[in-house]
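A.B. asks: Kindly generate the corresponding structure for this input.
(2 chains)
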Amino acid sequence: MPPVVKIEDIHKIYDSGEVPVHAVRGVTLEIERGDFVALMGASGSGKSTLMNLLGCLDRPTRGRYLLDGIDVSQLDRNALADIRNQKLGFVFQGFNLLARTTALENVELPMLYGARKFTTKQIRERAMHCLDIVGLSPRFDHFPSQLSGGQQQRVAIARALVNEPQVLLADEPTGNLDTRTSAEVMGVFQKLNDEGITIVMVTHELDIAHFCKRNLILRDGVMVRDEAVSNRSFAASELEKLSSAEAAAKLTGAKS
Amino acid sequence: MRFGSIIKVALRALMRNTMRSILTALGIIIGVGAVIAMVSIGNGAKAQVEAQVASLGQNVITVFSGSMSSGGMRGGWGSSPSLTIEDAEAIEREVTGIVGVSPEVRDRNQVLANGLNWNTSVNGESPDYPDIRSWKISSGAMFSDQDVRSVAKVCVIGKTVADQLFANSDPVGQTLRIRNIPFKVLGVLDSKGFNLFGQDQDDAVLVPYTSHMKRLSRRSYISSILIQAASADVIDKVQKDITEVLTQRRKGREPDFTVRNQVELAQTATATTQTMTLLLAAIASVSLLVGGIGIMNIMLVSVTERTREIGIRLAIGAHGSDVLMQFLIEATILSSLGGVIGILLGIGSSQLVSHLNGWPVLVSTASVVIAFVFSAAVGMFFGFYPARKAAQLDPIDALRYE
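C.D. replies: Below you'll find the predicted structure:
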């Protein structure tokens, strides 16, 4: 089976300012189906640019990008929009849900665009199913403002899943969340990955990267390390550790 | 994206800022309301003028005497007496496609009856006159060709004259005196009201033109000839033939007459109201334009406010055209809702004006439809630039926008 993501010597040069910025300088990368990759690097290392390229939000200046066997490096704006709609799912740091729109309607959104036509009933059922996967189906009619950060991020994950993407792309999905909620969200990702979904996420937190299977480190637009995670964290045990730590804190709190 | 979803999204966006939407639509509401009111009042005035023109009779052609040009002296129609009874007879004889001819001689006289007197217009006409003017005789009868030939002392009087001189009795069969000559009243005309120039048409006494010329005014010339064409189709041909006959009779002399048909008269009469209507509607359209600019302004604000939303939509696979449609439809809904309210307001205010001032008002379906389509078009036109701006946003920049 071919890799779902295949990047060959990809470059991105921003030419808008006075000095051209060479953000990504020849990255070659293959991601197999079912992989769970963390993309790490300091700010300015080019990880966001690489993520935008992977997410078909931007086109590379040079190099080839095969997504699910399709060369997407030279597609036009509308073709890229269709690729994003059909083959990719996005989860953002800031959740990016539509305000004053219910959780269910947010999840339905990707099905309203795109080439595939669904009936209203199908759209509703699929959206409900995806909310069920992230454990939020009882709150389908809540507005984002009525949900906690972790819940909003889970709605965003459900939205990313709804068109059955080849790759789930997450840009610092835990950046706005506390430790416990981060672990919960990572638990959702691990569950999805166990079911066979390929996930690529950007993070700068090492402990979050340890939830993944493979860590990539980028520096100055070049891939400097690509290694499998040896001591992988699992959401269930991490949450247990957190609970016992909290219990211990309460215990000591009660003593004093 | 599906049309239903687009409309739902647009409506929700408008509802989110209800006050802002209402204020934005207000520009269009006032503009459309003003246009509808102005056009309705203008149409009402025009309809009234047209009704007055129609009251002159169907397919009527008038020959005026005049157009003097002798020894360097020149003047327009009516400036010199030049039409004769022979001219009228020649027209009746030689021109085909006419159903009635009436030579006219008019002057003002003091009319006496029952010890009362009344200054009125005494018109010498032929028996065809009531038919030409589509004017009914309410009691009695019109004088006959025999009366014309015999220069009879008979008359038919208008409603006003009947009211003034024979207030409490039936005038038919009674006698009135013009220049001390007794005329027998044969009939009374139906009330016709005021004409285009504000004259009371019922304030008149009709006598045979021969009687007028020989007994009253002692003129040898007639002032005009009224001719009724058989139908509107032949009116132009009849007019041309009349001109030809009269020109021939003048044997190469410069034409000293003017032939006008009713259509021309109607055009002249309605030209003023038409110009006024156009002018008022043009002024009102300016406010529609200002309303459109208001929509563009608010849509630009809206696009900026919702940059992130646009970014999300683009990121998850919306095409530029989807975003364009969304904002375009939002602007169009805003302006066409404004249009509908404006139409209602316009109809309401024109009815109010007609009620308060007694002006005739005519709300035409065409003006309502045009106003609606135009207001929707204003929304589309002024919404296009903001919508295109939204559609051309870069998804990465839009998502990063704070």
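
A.B. asks: now the helices for the chain?
C.D. replies: Assuming you mean chain A. Using DSSP state H, the helices of chain A run over A:47-54, A:77-87, A:103-112, A:120-133, A:149-161, A:179-194, A:206-209, A:235-255.

A.B. asks: Chain B, not that one
C.D. replies: Using DSSP H, helices in chain B cover B:3-16, B:18-54, B:85-94, B:129-132, B:145-149, B:159-165, B:209-211, B:235-249, B:262-305, B:307-315, B:320-357, B:365-391, B:395-400.

A.B. asks: Show me what the fourth one is packed against.
C.D. replies: Just to be clear, that refers to helix B:129-132. strand B:98-113, strand B:224-229 (3 or more C-beta pairs under 8 Å, 6 or more residues apart in numbering or on different chains; DSSP states H and E). Quick note: C-beta positions are derived from backbone N, CA and C, even for glycine.

A.B. asks: Who are the contact partners of the residue nearest the centre of chain A?
C.D. replies: By C-alpha atoms, centre = their mean, the mean C-alpha position of chain A lies nearest to A:Ala170, the distance being 1.6 Å. Contact partners of A:Ala170, counting by C-beta atoms under 8 Å, 6 or more residues apart in numbering or on different chains, are A:Phe90, A:Val91, A:Phe92, A:Ala160, A:Phe189, A:Ile199, A:Val200, A:Met201, A:Val202.

A.B. asks: Check what pLDDT the residue positioned nearest the centre of chain B gets.
C.D. replies: For chain B, the residue nearest the mean C-alpha position is B:Lys46 (2.4 Å; C-alpha atoms, centre = their mean). B:Lys46 is assigned a pLDDT of 81 by the prediction.

A.B. asks: what's the answer for the one 10 residues further on, then?
C.D. replies: pLDDT, the model's per-residue confidence, is 71 for B:Leu56.

A.B. asks: what sits against whichever residue of chain B sits closest to chain A?
C.D. replies: When you check chain B against chain A by C-beta to the nearest C-beta, the closest residue turns out to be B:Gly317, at 2.4 Å. Counting by C-beta under 8 Å, 6+ apart, B:Gly317 touches A:Ala81, A:Asp82, A:Arg84, A:Asn85, A:Gln86, A:Pro110, A:Tyr113, A:Gly114, A:Asn163.

A.B. asks: swap the cut-off to 6 Å and go again
C.D. replies: Applying C-beta atoms under 6 Å, 6 or more residues apart in numbering or on different chains to B:Gly317 gives the contacts A:Ala81, A:Arg84, A:Asn85, A:Pro110, A:Tyr113, A:Gly114.

A.B. asks: Hmm, A:Cys56 and the second one touching each other?
C.D. replies: In this case it means A:Arg84. Yes - counting by C-beta atoms under 6 Å, A:Arg84 touches A:Cys56, with 5.2 Å between them.

A.B. asks: rewinding a little: now the residue nearest to the centre of chain A: how far from A:Val188?
C.D. replies: For A:Ala170, the distance to A:Val188 equals 11 Å [C-beta to C-beta, to the nearest Å].

A.B. asks: same thing with B:Gln326?
C.D. replies: 31 Å.

A.B. asks: The two: which is more packed in?
C.D. replies: Ranked by neighbour count (other C-beta atoms under 10 Å in any protein chain shown), B:Gln326 and A:Val188 place B:Gln326 first, with 25 against 21.

A.B. asks: Least confident of the contacts of B:Gly317?
C.D. replies: Within the set of the contacts of B:Gly317, pLDDT is lowest for A:Gly114 (75).

A.B. asks: Which single residue of chain A ends up nearest chain B?
C.D. replies: Taking C-beta to the nearest C-beta, chain B has its nearest neighbour within chain A at A:Asn85, 2.4 Å off.

A.B. asks: For A:Gln190, see how far away that residue is.
C.D. replies: According to C-beta to C-beta, A:Asn85 stands 26 Å off from A:Gln190.

A.B. asks: what's the answer for B:Gly320, then?
C.D. replies: In terms of C-beta to C-beta, B:Gly320 sits 37 Å off from A:Gln190.

A.B. asks: Show me which of these two is the more surrounded one.
C.D. replies: Per other C-beta under 10 Å, whichever of B:Gly320 and A:Gln190 has more neighbours is A:Gln190, with 20 against 17.

A.B. asks: what sits against residue 28?
C.D. replies: Because you didn't say which chain, this covers chain A. Contact analysis of A:Thr28 by C-beta under 6 Å, 6+ apart lists A:Glu8, A:Asp9.

A.B. asks: wrong chain, I was asking about chain B
C.D. replies: Contacts of B:Ile28 were listed using C-beta under 6 Å, 6+ apart, and they are B:Gly291, B:Ser335, B:Gly338, B:Ser375.

A.B. asks: count of residues packed around A:Val155?
C.D. replies: The local packing of A:Val155 (other C-beta under 10 Å) involves 26 other residues.

A.B. asks: my read: it touches A:Ala103, true?
C.D. replies: Yes - applying C-beta under 6 Å as the test, A:Val155 and A:Ala103 come out as touching, 4.7 Å apart.

A.B. asks: Now for these two: what residues contact both?
C.D. replies: By C-beta under 6 Å, 6+ apart, A:Val155 and A:Ala103 have no common neighbours.

A.B. asks: was I right about B:Thr175 contacting B:Pro182?
C.D. replies: Yes - judged on C-beta under 6 Å, B:Thr175 makes contact with B:Pro182 at a distance of 4.8 Å.

A.B. asks: Of these two, give the one with the bigger neighbour count.
C.D. replies: Neighbours around B:Thr175 and B:Pro182, counted as other C-beta under 10 Å, are more numerous at B:Thr175. The numbers are 14 against 11.

A.B. asks: can you pull the contacts of that one?
C.D. replies: B:Pro182, B:Lys184.

A.B. asks: Test of understanding: give the bridge partners of it.
C.D. replies: When assigned by DSSP bridges, B:Thr175 has beta-bridge partners B:Lys184.

A.B. asks: And it, what's its pLDDT?
C.D. replies: pLDDT recorded at B:Thr175 is 90.

A.B. asks: repeat for A:Gly17
C.D. replies: pLDDT for A:Gly17: 79.

A.B. asks: Where do the strands of the stretch 1-150 of chain A begin and end?
C.D. replies: Taking DSSP state E, counting those that start in this stretch, the strands of the stretch 1-150 of chain A run over residues A:5-14, A:21-31, A:36-40, A:62-67, A:70-71, A:88-91.

A.B. asks: winner for burial among these?
C.D. replies: Comparing the strands of the stretch 1-150 of chain A by mean neighbour count (mean count of other C-beta atoms under 10 Å in any protein chain shown), strand A:88-91 ranks first with a mean of 26.
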